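1. requesting a structural model of the entry that follows:
(one chain, ligands or ions: 1)
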Amino acid sequence: MAHYEFQGSTVPIVRFTQIGSTNAEGMARLARNETFPVWLVADIQTAGRGRRGRPWTSELGNLFATLVLPNPAPVANLAQLCFVAGLALRDAVLAAAPQIRPDALKLKWPNDLLLDGGKVAGILVEGGTDPSGRPAAVIGFGVNCLHHPEDLPYRATSLEESGAPTAPDRLLEALDLAMAVRLNQWNAGAGFPVIRTDWMRHALGMGDQVSVRIGEREVVGRFENIDTRGAMMLRRKDGIAEIITAGDVSLGKSD
Ligand SMILES: O=C(O)CCCC[C@@H]1SC[C@@H]2NC(=O)N[C@@H]21
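-> Numbering: from 1, shown residues only. Modelled structure (predicted):
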């Protein structure tokens, strides 16, 4: 059962010139039991956060936007939202920057968007339940429209660097619509098979040998599938299937 009928552009947008983190603001709103979906958008974040406690550099010119979704689906299905959000973000970038070739834009498990192999955007899904125990999600999107950090252990890029200059507001407009389409397609989890198939079609390394770093451990295997909780299924050389719920993926390593 769909918990909402989402309609892009009817979700209110709250704008901040500067804020610590739009995701932190989203979590605070949930803690206050605010019950309506809202977009929180900032020009600058002073404490932008990425996955696994990493900072997210947040300078003027990029997009920092969080969609707060009270009661989007049963708690058991919330992990699927990172695939819904990843597909929507890919759709939105293609709509806002039509000069980008679709095959240059890949999803990287669990929720990065790569353009010509460089990270152009990241998604941070937080939440779980609100103080009353109802399901809730806070979905943060950081998109490198104009700048990208240079000092990362992986290559980052921006839409500008890739020859597709795009204003953050134009991207937000496309993202609002794309999220509505993909959330309705997902239908609180009932439509996850379609989302999963589509996500895998655009995923980096699907069916290939990949390496995943999980803390100090490294697992190498064939990326075969993702499960309904969003975990990655890797087939090791010895035939054993590893189910991985968190880690950093790189391509093309062999054991
Ligand atoms: O580590 C990642 O790749 C995820 C980055 C998510 C960054 C966005 S920017 C808007 C929202 N607010 C935050 O503090 N983080 C997310």
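2. alpha carbons only for contacts and neighbour counts from here, please
-> Fine.
3. the ligand contacts on the stretch 101-250 of the chain?
-> With Cα under 6 Å from any ligand atom as the criterion, the stretch 101-250 of the chain meets the ligand at residues 112, 122-124, 140-142.
4. need those residues in TSV with pLDDT, secondary structure and neighbour count, can you?
-> As requested, these are arranged in TSV below (pLDDT from 0 to 100; DSSP: H, G, I helix; E, B strand; the rest coil; neighbours: other Cα atoms under 10 Å):
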residue	pLDDT	secondary structure	neighbour count
Asp112	95	strand	24
Gly122	97	strand	22
Ile123	97	strand	23
Leu124	96	strand	20
Gly140	98	strand	29
Phe141	98	strand	27
Gly142	98	strand	22
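5. which of the residues you listed lies closest to Ile100?
-> Asp112 (16.9 Å; Cα to Cα).
6. chain neighbours aside, what residue packs nearest to that closest one?
-> Distance criterion Cα to Cα, 6 or more residues apart in numbering; nearest residue to Asp112, sequence neighbours excluded, is Gly122 at 4.6 Å.
7. next up, the contacts around the one you found.
-> Under the criterion of Cα atoms under 8 Å, 6 or more residues apart in numbering, the contact partners of Gly122 comprise 50, 111-113, 141-143.
8. could you do Ile244 as well?
-> Shown here is Ile244, whose contacts under the criterion Cα under 8 Å, 6+ apart are 231-234.
9. can you put the residues you listed in CSV and add pLDDT, secondary structure and distance to Ala95?
-> Rendered in CSV, the data for the contacts of Ile244 read as follows (pLDDT from 0 to 100; DSSP: H, G, I helix; E, B strand; the rest coil; distance: Cα to Cα, whole Å):
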residue, pLDDT, secondary structure, distance to Ala95
Ala231, 90, coil, 29
Met232, 90, strand, 28
Met233, 93, strand, 31
Leu234, 92, strand, 32
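10. which one (most neighbours) among those residues?
-> Leu234 (26 neighbours; other Cα atoms under 10 Å).
11. I figured that residue hits Phe223, correct?
-> Yes - the pair Leu234 and Phe223 passes the contact test of Cα atoms under 8 Å, sitting 4.7 Å apart.
12. in this structure, which spans are helices?
-> Counting by DSSP state H, residue ranges of the helices within the chain are 22-31, 81-96, 168-186, 192-201.
13. comparing those helices, which comes out most buried?
-> Per residue and on average, the most neighbours among those fall to helix 81-96, with a mean of 23 (mean count of other Cα atoms under 10 Å).
14. and the contacts of that helix?
-> Outside helix 81-96, the residues that touch it by Cα under 8 Å, 6+ apart are 100, 102, 105-107, 110-113, 123-125, 139, 166, 170-171, 174-175, 177-179, 181-183, 186, 195-196, 198-199, 230.
15. the inter-axis angle of that helix versus helix 168-186?
-> Using axes from the mean of the first three to the mean of the last three Cα atoms, to 10 degrees, the interaxial angle of helix 81-96 with respect to helix 168-186 works out to 130 degrees.
16. show me the strands in the chain, by range?
-> Taking DSSP state E, the strands of the chain run over residues 13-19, 38-45, 63-70, 105-108, 112-115, 118-129, 135-143, 209-214, 217-226, 232-235, 241-244, 248-251.
17. how far away from the center of its chain is the fourth one?
-> Going back to what we said before, that points to strand 105-108. Using Cα atoms, centre = their mean, to the nearest Å, the distance from the centre of strand 105-108 to the centre of the chain it belongs to is 10 Å.
18. for it, buried residues please.
-> Of all the residues in strand 105-108, those buried under the rule 16 or more other Cα atoms under 10 Å are 105-108.
19. let me see the mean pLDDT of that strand.
-> In this model, strand 105-108 carries a mean pLDDT of 96.
20. where does this structure have low pLDDT?
-> Low-confidence segments of the chain, defined by pLDDT under 70, span residues 1-9, 252-255.
21. in contact with the residue most central in space within it, which residues?
-> Most central residue of the chain, judged by C-alpha distance to the mean C-alpha position with Cα atoms, centre = their mean, is Ile123 at 3.1 Å. Contacts were defined as Cα under 8 Å, 6+ apart; by that measure Ile123 touches 50-51, 82, 85-86, 111-112, 139-142.
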